[in-house]
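A.B. asks: quick one, what's the 3D model for this:
(one chain, ligands or ions: 1)
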Amino acid sequence: MKTVLVTGGAGYIGSHAVVELTTAGYRPIIIDNFSNSNERVIGQIESIVGSKIPTYKGNFQDKKLINKIFSAEKVVGVIHFAAHKSVAESVKQPLEYYENNVAGLISLLEVMELTDIDNLVFSSSCTVYGEADKFPITEDSPMKPATSPYGTTKQICETIIKDTTQASKKLKAMSLRYFNPIGAHASALIGELPHGTPANLVPFITEVAAGIRKELTVFGNDYPTPDGTNIRDYIHVVDLAHAHVKAVGFLLKQKPAFYDVVNIGTGRGSSVMEVIRSFEKTTGVKVPYRIGPRRPGDAVSYFASATKAKEVINWQSGHTLAQSLKDAWLWQETLKKKS
Ligand code: WQD
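C.D. replies: Numbering: from 1, shown residues only. Take a look at the predicted model:
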């Protein structure tokens, strides 16, 4: 069985990737400092897959720990999820974001180089495109100035990885540019665990539907879109997890110094109002909302071209928006029961 180190493997996307890697026959091992995740998630993952998941509690920037893991485990590659990911927080704490996301990646790459771990799948983001103006967004769309320090860290990390693959002559890597991950595993044992007030649309909707919050504020309905609300590409987190399994399998077959980037989205755009209506129709639960002012930094529309993902790693999304919202709701209801 091929062992893959998953940094941030207890997080929202990481935990789903660990499940899919195990199901696909890999042996994922987790390193996570649980700063933005919960240790209970490890047990939930193990309940889903029916086996133990080797887990190291610690910081992926701890070179001694990473070295220890690489010496103890025969790791064929790394999937690097561990990073700070809040757009709003990055504006308030840019240095924290550059230190953790950029300096942290450099530290990981240095240990990988020293220990001959030659395969890296990097968790990137559609935010690297900045204010895109052509849709669907293809991978050769230009990287415009990012709209937040968070997006800039992802741009810098991609460049660091690309340059390192070319210089090292051994390292092979792929950057997966996620669009908007939503939903949860059908078991409702793992899912998104927002800290405090959710910044993102779908967890906010499910908390309103669960009566945890009074109403949703739609950030503007005067955009140049069919219903005036802005458009995003919402992808089921399990489909996103599958993309990582495909990327690892593809990367292992490539020649040294290989590097490529792939959008991971459905290829379909949905407006805020379409998400609200789909949620209400799918769950039968009303979502009270009000129209508020635009949120600074919001792009009008963002959705992926999913052609390259299909051509290169033979991946495409498999869930509809309605299925993703239903899974998000099932997860929210489970959370509510636990609380
Ligand atoms: C979606 C839409 C809001 C909340 C996120 C991450 C970013 C990246 C992509 C990973 C927007 C509207 C939201 C609310 C609303 N992920 N909205 N009321 O901004 O596209 O970006 O996914 O890298 O890091 O931040 O997602 O869910 O915040 O917003 O009207 O209470 O919902 O205006 O149009 P976003 P989001």
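
A.B. asks: what residues does the chain put near the ligand?
C.D. replies: For the chain, the residues in contact with the ligand (Cβ under 6 Å from any ligand atom) are 85, 87, 125-127, 178, 180, 199-201, 204, 216-219, 230, 232, 272, 295, 298. To be clear about C-beta, it is placed using only N, CA and C from the backbone, and glycine gets the same treatment.

A.B. asks: OK, contacts around Val272?
C.D. replies: 201, 218-219, 229-230 (Cβ atoms under 8 Å, 6 or more residues apart in numbering).

A.B. asks: no no, Trp329
C.D. replies: 206, 209, 279, 282-283, 285.

A.B. asks: circling back: which ones among the contacts of Val272 map onto strands?
C.D. replies: 218-219 (DSSP state E).

A.B. asks: go through the contacts of Val272 and give me the one with the most neighbours.
C.D. replies: Highest neighbour count within the contacts of Val272: Asn230, with 24 neighbours (other Cβ atoms under 10 Å).

A.B. asks: can I take it that Lys337 is in a helix?
C.D. replies: Yes. Assessed with DSSP: H, G, I helix; E, B strand; the rest coil, Lys337 lies in a helix.

A.B. asks: and the pLDDT for it?
C.D. replies: pLDDT, the model's per-residue confidence, is 74 for Lys337.

A.B. asks: how close does it sit to Ala210?
C.D. replies: For Lys337, the distance to Ala210 (Cβ to Cβ, to the nearest Å) stands at 10 Å.

A.B. asks: quick one: which of these two has more around it?
C.D. replies: Applying other Cβ under 10 Å to Lys337 and Ala210 shows that Ala210 carries more neighbours, namely 15 against 8.

A.B. asks: for that one, which residues are in contact?
C.D. replies: With contact set as Cβ under 8 Å, 6+ apart, Ala210 has these partners: 332-333, 335-336.

A.B. asks: parallel or antiparallel, which strands does the helix or strand hosting Val6 pair with?
C.D. replies: Element membership of Val6 [criterion: DSSP states H and E] is strand 3-7. Under the criterion DSSP bridges, strand 3-7 sits next to strand 27-32 (parallel), strand 75-80 (parallel) in its sheet.
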